[in-house]
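>>> Everything below, folded, please.
(chains A and B)
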Amino acid sequence: MSVSVETRDVSITFGAGPAAVRVLPGVSFSVSPGECFGLVGESGSGKSTVLRCISMLTDIWTGDILIDGKSVRAMPLIERCRMVQMVFQDPYGSLHPRQSVRTVLNEPLAIHKLGNREERMRKAITDVGLPLSFLDRFPHQLSGGQRQRVAIARALILEPSLLLLDEPTSALDVSVQAEILNLLQRLREERGFTYIMVTHDLAVVDHMCDRFAVMLHGEITEVLPRDAIPANGATHPYARELIGASLEYENAH
Amino acid sequence: MEKPILEVDNLRIRYGGASTEAVRGVTFTLGRERLGIVGESGSGKSTVGRALLRLLPGATITADTLRFGDRELLTLSEREMLKVRGRHMSMILQDPKFSLNPIRRVGDQVAETYLRHFRCSKTEARDKALAMLEAVKIRDPKRVYQQYPHEISGGMGQRVMIAMMLLADPDLVIADEPTSALDVTVRLQVLNILDGLVRDRGIGLIMISHDLNLVRNFCDRVLIMYAGRVVETLAARDLDRAEHPYTRGLLAAQPKIGGGRAPLAVLDRQPEWLEEKA
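Numbers count the residues shown, from 1 in each chain, chains lettered A, B, ... in the order given. Take a look at the predicted model:
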């Protein structure tokens, strides 16, 4: 089951009157069902904030965010969480150190009053390529890559349609990054997920995404297809600079 | 051949209370060149860098030779080490947010290096610091001198760190992931500045990184570390012709722009990599 996502003029303003600061001055983009959409840009450009708006972790925004035509604001919490899940950047910070993998995976099932818990947990942990014995481990007994797999399993266990990925591999080594990217790619092929992925690495965008948006100071400067990367087909000066720097970094010999 | 700056033979490091050694018999020499050390997290690359500056309290460091210029580093007293650190050998850390003192003006922090190691007046140190800030291409050194770390960007912070570390004109600079915290667009800028200064002044550079592209572009020679050992040593331009399966695995695991969408190669770790020697 794939869903589309549309954001229309999403913005966040702090303060009021003349002192008001607009930190996200109107973000609009749409993602088709089953697409992998990338968000790139420098740190502080608002990439992660957009994900936090879509997932309602930040709810002070104005504008519209529609998932399959339904406003996320109008969706009840329970329904929204079944539909949208998020994987965070740092697997060392996103898992509770005193909770076993079993506890981590059980919690969403308990909240959503789902049956067959043991079976669902087993399926989730197998789906991310970990052995069943890992259910009884604690985060400190897992490597960075294994932790990120657990974080992905936690997101998958509610069978969402939209996964928000906030730099899912930037804390990991290339060898482990390859495993996680392969896993995400395989899950998308099997389940038809829609992904929105924040990253700063254009090689990852090229590998995973169909289209991507380049952000600067909270604004989307340009939405580009993946093919625009190798030949640097961007028109906005910042997007050109970003792609140019990435190409130079990768190829300068 | 001119005398190497640094000679390391059979370096072994064991952290206090650890059952195994974090670094197991690393051997290399460094001339006036740029040496990259790459490997995954936990491979011992940063530990090697810190051991050279003797910044590992509680760890046991042994080596057949650990010679830096004319000094045998392991026999120096802590007092003598203080004269080496920052003056002859210095280190650039990963994130300027955490390595600059948040409550002191950045310029004063740079000038401190000079005040500590040379007999000079405060004005002299200040002038030296300003000149160095200019050398790292900070546009308005006088203004930036007066600013606090939170007022400058990450890229500028890292340039301030470089200025601080090169001010005393050391023989060896160890850069531990100097640009991992920076954006791609700023990263190249900072690396080019570091590269230019190191070459102009004939400073030996050890670049510790997990990023193969970075060492390929900014180093002459590369050591590849796995589980505390050097598994392969290569000229940076020959990185694509690496022979060790671990190095080849790391290269293949990297997604490349225009590289197609086939699943990425995954590292198939072999137990014998732990024991064999380069």
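>>> which residues in the stretch 1-150 of chain B form strands?
Remark: strands assigned in the stretch 1-150 of chain B by DSSP state E, counting those that start in this stretch are B:6-14, B:23-30, B:34-38, B:60-62, B:65-68, B:71-72, B:89-92.
>>> Please render those strands as CSV that adds mean pLDDT, distance to chain A and mean neighbour count to the earlier fields.
Where C-beta positions appear, they are placed from N, C-alpha and C, glycine not excepted. Supplementary listing: these in CSV, determined by pLDDT from 0 to 100; distance: least, C-beta to the nearest C-beta, whole Å; neighbours: other C-beta atoms under 10 Å in any protein chain shown:
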stretch, mean pLDDT, distance to chain A, mean neighbour count
strand B:6-14, 95, 21, 19
strand B:23-30, 94, 18, 20
strand B:34-38, 95, 10, 25
strand B:60-62, 93, 24, 14
strand B:65-68, 94, 28, 19
strand B:71-72, 92, 34, 14
strand B:89-92, 94, 19, 24
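>>> where does residue 64 fall, phi/psi-wise?
Looking at chain A here, since you left the chain open. Main-chain torsions, A:D64, degrees, to the nearest 10: phi -130, psi 140.
>>> Can you tell me which residues in the stretch 51-200 of chain B are near chain A?
Contact residues, the stretch 51-200 of chain B versus chain A (C-beta under 8 Å from any C-beta of the partner chain): B:154, B:183-188.
>>> how about the residues you listed in TSV, adding neighbour count?
As requested, these are exported to TSV (neighbours: other C-beta atoms under 10 Å in any protein chain shown):
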residue	neighbour count
B:G154	20
B:D183	20
B:V184	22
B:T185	19
B:V186	20
B:R187	23
B:L188	21
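>>> rewinding a little: pipe the strands of the stretch 1-150 of chain B into CSV and attach distance to A:G38 per row.
Putting these into CSV (distance: least, C-beta to C-beta, whole Å) gives the following:
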stretch, distance to A:G38
strand B:6-14, 41
strand B:23-30, 38
strand B:34-38, 27
strand B:60-62, 45
strand B:65-68, 46
strand B:71-72, 51
strand B:89-92, 31
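>>> Give me the subset of the residues of the stretch 51-200 of chain B next to chain A lying in helices.
Per DSSP state H, helices hold the following members of those: B:154, B:184-188.
>>> Mind putting the residues you listed into a markdown table with pLDDT?
Compiled in a markdown table, those are given as follows (pLDDT from 0 to 100):
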| residue | pLDDT |
| --- | --- |
| B:G154 | 88 |
| B:V184 | 84 |
| B:T185 | 84 |
| B:V186 | 86 |
| B:R187 | 87 |
| B:L188 | 88 |
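>>> Chain B versus A:G244, what's the distance?
According to C-beta to the nearest C-beta, to the nearest Å, A:G244 stands 9 Å off from chain B.
>>> That residue is in what secondary structure piece?
helix A:237-251 (DSSP states H and E).
>>> Equivalent analysis for A:I78, please.
helix A:77-83.
>>> With only the CA atoms kept, save that helix in PDB.
Output of helix A:77-83 as PDB, limited to C-alpha atoms (Å, rounded to 0.1, in the frame of the first residue of the first chain):
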ATOM      1  CA  LEU A  77      -2.900  10.100  16.600                       C
ATOM      2  CA  ILE A  78      -3.400   6.400  16.400                       C
ATOM      3  CA  GLU A  79      -4.100   6.400  12.700                       C
ATOM      4  CA  ARG A  80      -1.300   8.800  12.000                       C
ATOM      5  CA  CYS A  81       1.300   6.600  13.700                       C
ATOM      6  CA  ARG A  82       0.100   3.600  11.800                       C
ATOM      7  CA  MET A  83       0.600   5.500   8.600                       C
END
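>>> What residues of that helix count as buried?
For helix A:77-83, burial by neighbour count (16 or more other C-beta atoms under 10 Å in any protein chain shown) applies to A:80-83.
>>> Please apply the same query to stretch A:103-119.
Buried-residue list, stretch A:103-119, by 16+ other C-beta under 10 Å: A:104-106, A:108-109.
>>> now the strands for the stretch 151-253 of chain A?
With strands called from DSSP E, counting those that start in this stretch, the stretch 151-253 of chain A shows them at A:162-166, A:194-198, A:211-216, A:219-225.
>>> okay, those strands in TSV with mean pLDDT next?
Shown next, in TSV, are these (pLDDT from 0 to 100):
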stretch	mean pLDDT
strand A:162-166	94
strand A:194-198	95
strand A:211-216	94
strand A:219-225	93
